[in-house]
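*Asks:* how does the following fold in three dimensions:
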Amino acid sequence: MATSTPEYELFLSQLKPSDLPPLPDLPLKLRRLAATHPSYAGGNKTEPFETSEESGTASMASYKTFEFVGDTIIQLASTLLIKATHPRLSCGAMTDIRKDLVSNNTLSHLSRLYLLPATLLAHPAQLHLLRSSNLVQAQMMEAYIGALETHHEGHEVALEFCREMFKPLLEVSYLNRKVVQLQASLVKLGVSGAAGGEGGGESVGGGPADVSILEEWSKKKGKLGRVVRYERGESSGASNAPRHEGTLVVEAPGMEPLLVGPILGAAGERWKTVQYRLAHQANLELKLVPPP
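*Replies:* Numbers count the residues shown, from 1 in each chain. Below you'll find the model as predicted:
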C-alpha cells in the first residue's frame, strides 16, 4: 500500500509555514549552489566522473551533488523518526509511512512552504516551467538539506532539521494508514458496522477498529492527560436479550470534555458492540476518521 491516503494529502495541502521548523541558514555561496539547476550553467553537458581535490565545491555546476546527499539524509531521518516513534510497526508499515514522508509530492510541498522554488537559477527559457515542476521543487528541498551537511561538515544538523520537519506529517500518515489497515482486516474477517440502535444516542456504525483508533489517540506519545472512559448504564429488556446502554467521555488538555451518547443497544446486542458505536462517534467528532 504505497499510495498516500486522501486524508494525508488533504493534511499536506493544509500545512502552513508556521507548522514547520525554521529553515536553517546557509552562506550565500552554498545557498546559491543549492538552487542552481543543471540548465543554468552546464546545460546538457555531461558531468565529469570526478572533480579534482583542489576545486572542491567550486567545480560543482549545479545542485545535483547536494541533492544526492540530501536524499540520503532524508531517507535516514524519516526511517529513524518512524522507528523511534512507533517501534512496534512492521517493516512493511514503516516503509509505507516513509514513502509518504519522502515522496516528491511531500517534498515539493515543503519546498514551496520554504519558498525555495523562487530562488531557482535555471536557463531563462526553462525557468518558469522548472519552478512549477514538482520534481524540481522536491530536488531543491533535497539539495538544500545536502548543502546543510556540507556547511556543517556532518549530517547532524541536517538530520535534526528533517526529523522536526517530518514530525507533524508522521502522525497523520501513521493514523490514516492504520485506519486503512484495520478496515481492510475487518473486511477480510467479514466484520461490518453494528446495526443501528434506539434510544437517546445517535445511531452510528462502528467496529473494533474504532476502539483501537481512539485508544491509540489517547496514548499518543507526548500527549499526556488524554482520557477515554466508557460508562455503562442500566440494562433493560428481557434477561435473555438485554439492551445495554452506555456513554463515552473523552477528556484532553485544551479541549472541552466530549460526551458521546447515551446509546442504547438493540435487544441481545453485546455491550462491546455498544462500545464500538460510541468509539466510532467519538472518532468522527475528533476527526480521527473521515466522515461517511
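*Asks:* what is the helix or strand Tyr230 falls within packed up against?
*Replies:* Here Tyr230 sits within strand 227-232, counting by DSSP states H and E. Using 3 or more C-beta pairs under 8 Å, 6 or more residues apart in numbering; DSSP states H and E, the elements in contact with strand 227-232 are helix 208-218, strand 245-251, helix 271-285. C-beta coordinates here come from the backbone N, C-alpha and C atoms, glycine included.
*Asks:* that strand vs helix 271-285, what angle?
*Replies:* Relative orientation of strand 227-232 versus helix 271-285 (axes from the mean of the first three to the mean of the last three C-alpha atoms, to 10 degrees): 140 degrees.
*Asks:* mean pLDDT for the helices and strands packed on strand 227-232: which is lowest?
*Replies:* The weakest mean pLDDT among the helices and strands packed on strand 227-232 belongs to helix 208-218, with a mean of 81.
*Asks:* how far does it sit from the chain's center?
*Replies:* Helix 208-218 sits 18 Å away from the centroid of its parent chain (C-alpha atoms, centre = their mean, to the nearest Å).
*Asks:* can you list the buried residues in it?
*Replies:* Neighbour-count burial for helix 208-218 flags Pro208, Ala209, Asp210, Val211, Ile213, Leu214, Glu216, Trp217, Ser218 (criterion: 16 or more other C-beta atoms under 10 Å).
*Asks:* what do you get for stretch 72-86?
*Replies:* Counting neighbours by 16+ other C-beta under 10 Å, stretch 72-86 gives Thr72, Ile73, Ile74, Ala77, Ser78, Thr79, Leu81, Ile82, Thr85, His86 as buried.
*Asks:* just the CA atoms of the helix or strand encompassing the fifth one, as CSV, please.
*Replies:* Think Ser78. Assignment of secondary structure by DSSP H and E places Ser78 within helix 64-85. C-alpha atoms of helix 64-85 as CSV (Å, rounded to 0.1, in the frame of the first residue of the first chain):
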residue,chain,number,x,y,z
LYS,A,64,22.9,17.6,-8.2
THR,A,65,25.6,16.5,-5.7
PHE,A,66,23.7,18.3,-2.8
GLU,A,67,20.5,16.6,-4.0
PHE,A,68,22.2,13.2,-3.9
VAL,A,69,23.4,13.7,-0.3
GLY,A,70,20.1,15.3,0.8
ASP,A,71,18.1,12.4,-0.5
THR,A,72,20.2,10.0,1.7
ILE,A,73,19.8,12.2,4.8
ILE,A,74,16.0,12.5,4.3
GLN,A,75,15.7,8.7,3.9
LEU,A,76,17.7,8.2,7.1
ALA,A,77,15.9,10.9,9.1
SER,A,78,12.5,9.6,8.2
THR,A,79,13.5,6.0,9.0
LEU,A,80,14.9,6.8,12.4
LEU,A,81,12.0,9.0,13.3
ILE,A,82,9.4,6.3,12.4
LYS,A,83,11.3,3.7,14.3
ALA,A,84,11.7,5.9,17.4
THR,A,85,8.1,7.0,17.4
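*Asks:* what helices and strands are in contact with that helix?
*Replies:* Packing contacts for helix 64-85, counted by 3+ C-beta pairs under 8 Å, 6+ apart, involve helix 91-102, helix 134-151, helix 156-189.
*Asks:* quick check: can you list the domain ranges of this structure?
*Replies:* 6-182, 208-285 (automatic domain parsing).
*Asks:* for those, give me CSV that also has distance to Pro291.
*Replies:* As requested, these are exported to CSV (distance: least, C-beta to C-beta, whole Å):
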stretch, distance to Pro291
domain 6-182, 11
domain 208-285, 6
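*Asks:* need the least confident one among these, by mean pLDDT.
*Replies:* For those, the weakest mean pLDDT is recorded on domain 208-285, namely a mean of 83.
*Asks:* straight-line length of that one, end to end?
*Replies:* 17 Å (C-alpha to C-alpha, to the nearest Å).
*Asks:* same check on stretch 227-247?
*Replies:* 14 Å.
*Asks:* for Leu175, which non-adjacent residue is spatially closest?
*Replies:* Leu288 (6.6 Å; C-beta to C-beta, 6 or more residues apart in numbering).
*Asks:* what number of residues lie near the one you found?
*Replies:* 19 (other C-beta atoms under 10 Å).
*Asks:* in three-state terms, label it for me.
*Replies:* coil (DSSP: H, G, I helix; E, B strand; the rest coil).
*Asks:* relative to helix 134-151, how tilted is the helix holding Ser78?
*Replies:* Using the same axes, to 10 degrees: helix 64-85 against helix 134-151 is 90 degrees.
*Asks:* fine by me, thanks again.
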